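J.: generate a structure from the sequence data that follows.
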Amino acid sequence: MQSLVDLRTRIDAGRLDPAGAIRLAEEAIAAREPAVGALVCRHPDPAVSEAGPLAGIAVGIKDIIDTADLPTQMGSAIYAGWQPKADAAIVARLRALGAVPLAKTTTSPFAGHDPTATVNPRDPRHTPGGSSAGSAAAVAAGMVPLAVGTQTGGSVIRPAAFCGVAAIKPSFRLLPTVGVKTVSWALDTLGLFGAGIPDIARALSLIADRPAIDLDGSPGAPRIGLCLQDFQDFHDFGGAPDADALAALYEAARAVEAAGARITDLTLPAPLPEAWARQPVIQRFEARQALAWEYAHHRARLSPELGAQLDAAQALPASAYDDARRSAHRARRVLKDLFREMDAILTVSAPGRAPAGLDDTGDARFNRLWTLMGVPCVTVPVPGNGLPLGVQVVARFGDDGRALAVARMIEAALSA
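T.: Alright, predicted model coming up:
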């Protein structure tokens, strides 16, 4: 994989120029994209800035995010060839920092659950996850050092874990979603993919214009709650993580504890399980409105799964949506209190390794609560044999720097 920090170190030292760094990405795309299928399109002749802290950094942009010089097609034939007139705010910010939005990455149609044509670079017989499949796979395949995705349920953390890359879903609205196709305005969150935790920390600190987010010290002896998210009272929970995912979680916990962290078991109290159960109500009710034009005018061109979901959402009453929002509000207050007793929560990034086949993008049940809570989540790859596994670090709202610092501590402890 290409490391953003390494590339920028080489550029700053004069051993590489920004144009040369972009050529490295173009050469990697030419060599690997035919087998992976992570990209929708790429710029044939990108303008390369010589200035800026991200000069020379090629970026993959999920194809629900507007770009003024590349089509934005939402993963749907409805928008085939659609060319926005302006960049989304996140793309404009990347350009201002000197980065090159080089390619659009594949997405499930309208960031839904349907699979894309992308394969997992670690094993093409397995899914890369969704809906930010292309962004995760492009980084994992070494095509770009940075990619942008979105998460409404688990669409950043899960594909990153499946593909073995680092990623962050930041605190809600830390990164602007202006110019991003809306699915749920209460949940949609931009996220970043990179080779390692220092790469996504550097990128987030620059894009968000918050230098303190970048890693410049140790988190000390963080108090970490080990969470299995055991919601036995809910029939649709789907059960515990599989044995491999649990083993990776305990391995990460032992490693970071040996490095100085204080680990305690954590059972999430009410009303957090109830909020988890109601997250789909919020997502479906808002998607019904966000995709109202597509549903009204192009219902037949929607995928069977997305069409059926929107069909069912038509019957959702506003009272159920309001109740779900109240449940989420109560849960956020309780979670805020929990973080007075700990610095971070450690849990799995996904129920297990990437599923075999390309028809299933995986399960978001270990992600959707944290998306609803709006708190920062970071996935850390756990080294091992076979397909990748990841663990997820969750911190209090607005404490993205701490989430990244604890994640870096785990990453370093696992590689020691």
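J.: spit out the contact partners of Ser155.
T.: Counting by CB atoms under 8 Å, 6 or more residues apart in numbering, Ser155 touches 108, 111, 129-132, 149, 191, 364. In this view, the C-beta of every residue, glycine as well, is placed from N, C-alpha and C.
J.: so it: helix, strand or coil?
T.: coil (DSSP: H, G, I helix; E, B strand; the rest coil).
J.: what about it, distance to Glu305?
T.: The gap separating Ser155 from Glu305 is 15 Å, by CB to CB, to the nearest Å.
J.: and for Ile213?
T.: 36 Å.
J.: out of these two, which sits in the more crowded spot?
T.: The residue with more neighbours, out of Ile213 and Glu305, is Ile213; 27 against 14, by other CB atoms under 10 Å.
J.: the residue lying closest to that one once chain neighbours are set aside and Thr371, how far apart?
T.: Among residues not flanking Ile213 along the chain, Ser205 sits closest, at 3.9 Å (CB to CB, 6 or more residues apart in numbering). Distance, Ser205 to Thr371, using CB to CB: 22 Å.
J.: what sits against the residue nearest the centre of the chain?
T.: For the chain, Val156 is the residue whose C-alpha lies nearest the centre (CA atoms, centre = their mean; 1.8 Å). Counting by CB under 8 Å, 6+ apart, Val156 touches 132, 149-150, 167-169, 189, 191-193, 377.
J.: ok, and the most crowded of the residues you listed?
T.: Ser132 (37 neighbours).
J.: and that one, its phi and psi?
T.: phi -90, psi 50 (degrees, to the nearest 10).
J.: same check on Gly60?
T.: phi -90, psi 130.
J.: for Asp6, same thing?
T.: Here Asp6 shows phi and psi, under degrees, to the nearest 10, equal to phi -60, psi -40.
J.: that one and Arg15, how far apart?
T.: Taking CB to CB, one finds Asp6 at 11 Å from Arg15.
J.: ok, the two, which is more surrounded?
T.: Asp6 (16 against 9).
J.: pretty sure Gln283 contacts Gly153?
T.: Yes - with contacts counted by CB atoms under 8 Å, Gln283 reaches Gly153, the gap being 6.6 Å.
J.: now do the shared contacts for these two.
T.: Here Gln283 and Gly153 have Leu187 as joint contacts, going by CB under 8 Å, 6+ apart.
J.: okay, stretch 38-54 in PDB with CA atoms only?
T.: Output of stretch 38-54 as PDB, limited to C-alpha atoms (Å, rounded to 0.1, in the frame of the first residue of the first chain):
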ATOM      1  CA  ALA A  38     -12.300  -0.300  -7.600                       C
ATOM      2  CA  LEU A  39     -12.700   2.700  -9.900                       C
ATOM      3  CA  VAL A  40     -15.600   4.100 -11.900                       C
ATOM      4  CA  CYS A  41     -13.300   6.500 -13.900                       C
ATOM      5  CA  ARG A  42     -10.100   8.500 -13.400                       C
ATOM      6  CA  HIS A  43      -8.800  11.800 -14.600                       C
ATOM      7  CA  PRO A  44      -6.800  11.300 -17.800                       C
ATOM      8  CA  ASP A  45      -4.700  14.500 -17.300                       C
ATOM      9  CA  PRO A  46      -5.000  15.800 -13.800                       C
ATOM     10  CA  ALA A  47      -3.600  19.200 -12.700                       C
ATOM     11  CA  VAL A  48      -0.900  18.600 -10.100                       C
ATOM     12  CA  SER A  49      -0.200  21.300  -7.600                       C
ATOM     13  CA  GLU A  50       3.400  21.800  -6.400                       C
ATOM     14  CA  ALA A  51       2.200  23.500  -3.200                       C
ATOM     15  CA  GLY A  52       0.200  22.500  -0.100                       C
ATOM     16  CA  PRO A  53       0.600  19.900   2.600                       C
ATOM     17  CA  LEU A  54      -1.200  17.300   0.500                       C
END
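J.: in stretch 93-103, which residues are buried?
T.: 93-95, 97-103 (16 or more other CB atoms under 10 Å).
J.: I misspoke; the intended subject was stretch 281-293.
T.: Neighbour-count burial for stretch 281-293 [16+ other CB under 10 Å]: 281-288, 290-291.
J.: and if you look at stretch 308-318?
T.: Those would be 309-310, 313, 316, for stretch 308-318 by 16+ other CB under 10 Å.
J.: check contacts around Ala243.
T.: No contacts exist for Ala243 under CB under 8 Å, 6+ apart.
J.: let's have the buried residues of stretch 93-103 in TSV, adding pLDDT, distance to Tyr79 and secondary structure.
T.: Formatted as TSV, these follow (pLDDT from 0 to 100; distance: CB to CB, whole Å; DSSP: H, G, I helix; E, B strand; the rest coil):
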residue	pLDDT	distance to Tyr79	secondary structure
Arg93	98	23	helix
Leu94	98	22	helix
Arg95	98	23	helix
Leu97	98	28	coil
Gly98	98	29	coil
Ala99	98	25	coil
Val100	98	24	strand
Pro101	98	18	strand
Leu102	98	21	strand
Ala103	98	17	strand
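J.: quick check, nearest of those residues to Met74?
T.: Each of the buried residues of stretch 93-103 was scored against Met74 by CB to CB, and Ala103 proved nearest at 16.0 Å.
J.: beta partners for the closest one?
T.: Arg42, Gly60 (DSSP bridges).
J.: wait, it sits on Pro46?
T.: No - applying CB under 8 Å as the test, Ala103 and Pro46 come out as separate, 9.4 Å apart.
J.: kindly list the main-chain dihedrals of Val40?
T.: According to degrees, to the nearest 10, Val40 has phi -90, psi -40.
J.: neighbours of it, how many?
T.: Under the criterion other CB under 10 Å, the count of neighbours that Val40 has is 23.
J.: now the one 4 residues further on
T.: As a burial measure, Pro44 scores 6 neighbours (other CB under 10 Å).
J.: next one: the one 10 residues further on
T.: Close neighbours of Leu54, defined as other CB under 10 Å, add up to 27.
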